[in-house]
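Novice: Build me a structure from this.
(one chain, ligands or ions: 1)
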Amino acid sequence: MTRSAQQNSPVTSLPCVRRDHADAAGGGRTPVLWGRRRVLLLNATYEPLTAISIRRAIVLILRERADVVHADAAVPVVHSATTTLPVPSVIRLRTFVKVPYRAVVPMTRAALMHRDRFRCGYCSSKATTIDHVIPRSRGGGHSWENCVACCASCNHRKADHLLSELGWTLRTQLSPPKGRHWRLLATVKEIDPSWAQYIDAA
Ligand SMILES: [Zn+2]
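Specialist: Purely as a prediction, here's the structure:
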């Protein structure tokens, strides 16, 4: 499996990670590791599909439905009866899966922050919250077109005002993001740094 993973992948990393606490991970006695970490699932074309649990990712690898593309050297290995493999952070399906395209990306806090690149829509400083451009109290909707990433300072100053009342303008026009990878961004809270190159490529 190791050899085929390397052959199929332009990324030559399938690090041989060995840690003493690996048995704990393999035995499922580390609920934090199993429960919180997600694995990026790529289509055979390297298109990002979704984020799945480590358990599901390992099942796909052991059934030879997917190969490890990236594994974090800082996390333990998993032992099965016949093999040892690093806990993956990115895996890739061996065969292409056709995914029905959903045009409208669900708007979540995570996806909105990514759309606005974690920068305030008014002053460009680090965004920590979400602002409704037309305040909800004045009929503004909770939509891609009316929500913007916002810093705490602007959010506090803007309160329930309209932009016209403050003389403020938005840095960019707000619109729903397009592209399949946005469905992924809409469903995960944290993006593993090792996923970035695959998401950016999409
Ligand atoms: Zn701001």
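
Novice: Within the helices and strands, which one has Val68?
Specialist: Assigned by DSSP states H and E, Val68 belongs to strand 66-71.

Novice: Next, the contact list for Ser175, please.
Specialist: Each residue near Ser175 by Cβ atoms under 8 Å, 6 or more residues apart in numbering is listed here: Trp144, Glu145. C-betas here are computed from N, CA, C, even on glycine.

Novice: same for the strand holding Val68, what does it pack against?
Specialist: Under the contact definition 3 or more Cβ pairs under 8 Å, 6 or more residues apart in numbering; DSSP states H and E, strand 66-71 sits against helix 2-8, helix 54-62, strand 84-86, strand 88-93.

Novice: Now do the SS call for the residue lying farthest from the centre of the chain.
Specialist: Here the chain reaches farthest from its C-alpha mean at Glu165, the gap being 36.8 Å by Cα atoms, centre = their mean. Secondary structure of Glu165, reduced to three states by DSSP: H, G, I helix; E, B strand; the rest coil: helix.

Novice: I'd like to know how far it sits from the ion.
Specialist: Distance from Glu165 to the ion, counting by Cβ to the ion, to the nearest Å: 17 Å.

Novice: Same question for His70.
Specialist: 35 Å.

Novice: Could you do Thr108 as well?
Specialist: Distance from Thr108 to the ion, by Cβ to the ion: 21 Å.

Novice: Contacts only, for that residue.
Specialist: For Thr108, the contact set (Cβ under 8 Å, 6+ apart) comprises Ala186, Thr187.

Novice: do the same with Arg117
Specialist: Contact analysis of Arg117 by Cβ under 8 Å, 6+ apart lists Ala149.

Novice: quick check, it in a strand?
Specialist: No. When three-state DSSP is applied, Arg117 is found to be coil, with no strand at that position.

Novice: State the pLDDT value of it.
Specialist: Looking at Arg117, its pLDDT is 90.

Novice: now it: how far from the ion?
Specialist: On the measure of Cβ to the ion, Arg117 and the ion end up 13 Å apart.

Novice: ok so, going back, mind checking which of the helices and strands packed on strand 66-71 is nearest the ion?
Specialist: Of all those, it is strand 88-93 that lies closest to the ion, at 32.8 Å by Cβ to the ion.

Novice: how many neighbours does Glu64 have?
Specialist: Glu64 sits with 10 neighbouring residues when counted by other Cβ atoms under 10 Å.

Novice: Show the average pLDDT along stretch 98-109.
Specialist: According to the model, stretch 98-109 has a mean pLDDT of 76.

Novice: Now do it: distance from first to last residue.
Specialist: Terminal residues of stretch 98-109 are spaced 27 Å apart (Cα to Cα, to the nearest Å).

Novice: So the closest residue to Cys123 other than its chain neighbours, which state does it fall into?
Specialist: Excluding its sequence neighbours, the residue lying closest to Cys123 (Cβ to Cβ, 6 or more residues apart in numbering) is Cys154, at 5.6 Å. State at Cys154, reduced to three classes by three-state DSSP: helix.
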